[in-house]
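S.K.: Give me coordinates for this.
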Amino acid sequence: MTHTPTRSLTDAADLSHAPVDITAVLDHLVREANAAAATSIGFPAAVDLDQTEVMARLGNRLWNNIGDPADPGGGAHTRALERAVVAWVADILAMPTDDRWGYVTTGGTEGNLSALHAAHRRHPTARIYYSTAAHYSIPKSVEILGARGVVISARPDGEMDYAHLAAQLRKRRRRPAIVVATAGTTLTEAVDDSARIRAALDENGVQGHLHIDAALSGIPLALDGRLRFDDAGGIASIAVSGHKFLGTPTPCGVVLIRDSMRGHGSHVAYTDTADTTITGSRCGLAAALLWHAIATHGREGHRWRASEARTLAAYAVNQLTAAGWPAWRHPHAFTVVLPTPPEPVRKNWPLATDGGTSHIICMPGVTRGQIDAFVADIAAAAPPAPIPQPRLSPEPRTSAAGG
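M.R.: The predicted structure is shown next:
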């Protein structure tokens, strides 16, 4: 094929006109991504794992894990790897082996939707409770399900206000409750305490389903034994991300639901599979990438990665503070919270920002050099307006949503 550079790159990306310089467009995308990588410390994607082998061996074929992970199926699929991924995540969470089910999703949003769909089918009159710090996928899922949501206040550090939750449950005690706790909120990586949530449900005599949105922090906290999906915790479902801590080069995740608390779907004749997932056809390549990340590093390797990331986050707090720029983090977190820097800094360092607060996330693969460069740019900026450091909760306990 001849590649004729007859127009600008922006025009070349427009497929409605010919000719298109395909090589130029693809090379430009790679150059932009490579240039952005040096300052990409504001969003939660690990960049330390090498998936070249999987992409080279499997990347040129459609791997369609259609139906349920347990279906034998035919054609090119990776369901055996998907089942292994689900089992590994369930095992590190101490999920009972006789009451577990799950699959590889497109990411945290699908995981949350799948779990809330299962809960809403069991409790169609339930209200869905979630905090103001919950991920935006939660109110979106509530809308998709046609359910009714109840928004609960969050504390300044991002953790749920349990007194407000109890008060709202008390007002609606005649209706079942689906409560969404977060293990790693978007802005501060706060962890909601599932034991306190269960206590609020029990004290008000409310039947309920407790779901944990653990997209970022679920796997690291589970590896530390601080997030458990055992019978004692009363958790009914959980969703984790795959492209965050496990760093897959495609968005994905894992949802786990107690088998006793879900519908089992219908049989689809022409695919000869059970329709138990949100999307039906699912990316088998994502399952292979997750399996590869798990198999090449194992529990201890990933535990070490989490420890190194937390050490870097502590270093970032110390360096920012020494430079006169107040910063803080939860003890378990990769996330460092700071006052929103001036525009020139944010132009060079894209940061997740909410009003006067921003954060950086010291994911595995982020380096001290990047932190030092960021701090140097911060130090050269105008002094910040101080923000009070919120009173932090102690380390998440074993019985909590984050441990």
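
S.K.: where does the chain dip in pLDDT?
M.R.: Judged by pLDDT under 70, the chain has its weakly predicted residues at 1-13, 382-389, 391-403.

S.K.: pull the longest helix from it.
M.R.: helix 284-322 (DSSP state H).

S.K.: what's that helix packed up against?
M.R.: With contacts taken as 3 or more Cβ pairs under 8 Å, 6 or more residues apart in numbering; DSSP states H and E, helix 284-322 sits against helix 52-58, helix 79-92, strand 101-105, helix 218-223, strand 335-339, helix 368-380. Any C-beta I mention is one placed from the backbone N, CA and C, and that applies to glycine too.

S.K.: The first one packs against which elements?
M.R.: For helix 52-58, the contact count by 3+ Cβ pairs under 8 Å, 6+ apart identifies helix 284-322 as packing neighbours.

S.K.: what's the angle between the helix it packs on and helix 368-380?
M.R.: Put simply, helix 284-322 runs at 50 degrees to helix 368-380, going by axes from the mean of the first three to the mean of the last three Cα atoms, to 10 degrees.

S.K.: can you list the domains in this protein?
M.R.: Following automatic domain parsing, the chain resolves into domains at 36-48+298-380, 55-296.

S.K.: quick one: the shortest one to chain centroid distance?
M.R.: Read it as domain 36-48+298-380. 17 Å (Cα atoms, centre = their mean, to the nearest Å).

S.K.: Repeat that for stretch 65-80.
M.R.: Relative to its parent chain, stretch 65-80 has a centroid offset of 25 Å by Cα atoms, centre = their mean.

S.K.: All the helices of this protein, residue numbers only.
M.R.: 9-12, 22-37, 52-58, 79-92, 108-122, 137-145, 162-171, 194-203, 218-223, 284-322, 343-348, 368-380.

S.K.: right, so these: which one is the most enclosed?
M.R.: Most buried of these, by mean neighbour count (mean count of other Cβ atoms under 10 Å): helix 218-223, with a mean of 27.

S.K.: among the helices of the chain, which is nearest Gly247?
M.R.: Closest approach to Gly247 among the helices of the chain (Cβ to Cβ): helix 284-322, 6.7 Å.

S.K.: so who does Asp275 touch?
M.R.: 67-68, 265-268 (Cβ atoms under 8 Å, 6 or more residues apart in numbering).

S.K.: Now do the residue lying closest to Gly107 once chain neighbours are set aside against Thr182, distance only.
M.R.: With sequence-adjacent residues excluded and distances taken as Cβ to Cβ, 6 or more residues apart in numbering, Gly107 is closest to Pro251, at 4.4 Å. Distance, Pro251 to Thr182, by Cβ to Cβ, to the nearest Å: 19 Å.

S.K.: quick one, which of those two is more surrounded?
M.R.: Remark: of Pro251 and Thr182, Thr182 carries more neighbours, 29 against 18, as counted by other Cβ atoms under 10 Å.

S.K.: wait, that one sits on Val191?
M.R.: Yes: Thr182 lies in contact with Val191 (Cβ atoms under 8 Å); the separation is 7.3 Å.

S.K.: can you redo the helices and strands packed on helix 284-322 as JSON lines with distance to Ala167?
M.R.: Shown next, in JSON lines, are the helices and strands packed on helix 284-322 (distance: least, Cβ to Cβ, whole Å):
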{"stretch": "helix 52-58", "distance to Ala167": "49"}
{"stretch": "helix 79-92", "distance to Ala167": "34"}
{"stretch": "strand 101-105", "distance to Ala167": "33"}
{"stretch": "helix 218-223", "distance to Ala167": "28"}
{"stretch": "strand 335-339", "distance to Ala167": "28"}
{"stretch": "helix 368-380", "distance to Ala167": "40"}
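
S.K.: between those, which gets nearest to Ala323?
M.R.: helix 368-380 (4.2 Å).

S.K.: So which residues make contact with the closest one?
M.R.: If you take Cβ under 8 Å, 6+ apart as the criterion, helix 368-380 is touched by 38-39, 41, 312, 315-316, 319-320, 323-325, 341, 345, 348-349, 360, 362.

S.K.: Spatially, what comes nearest to Gly280 if we skip its sequence neighbours?
M.R.: In space, and not counting its chain neighbours, Gly280 is closest to Ile66: 6.2 Å by Cβ to Cβ, 6+ apart.

S.K.: what sits against that neighbour?
M.R.: Counted by Cβ under 8 Å, 6+ apart, Ile66 has contacts 73, 77, 271, 273, 280-282.

S.K.: likewise Ile178?
M.R.: Contacts of Ile178 (Cβ under 8 Å, 6+ apart): 116, 119-120, 123, 126-129, 147, 208-209, 211.
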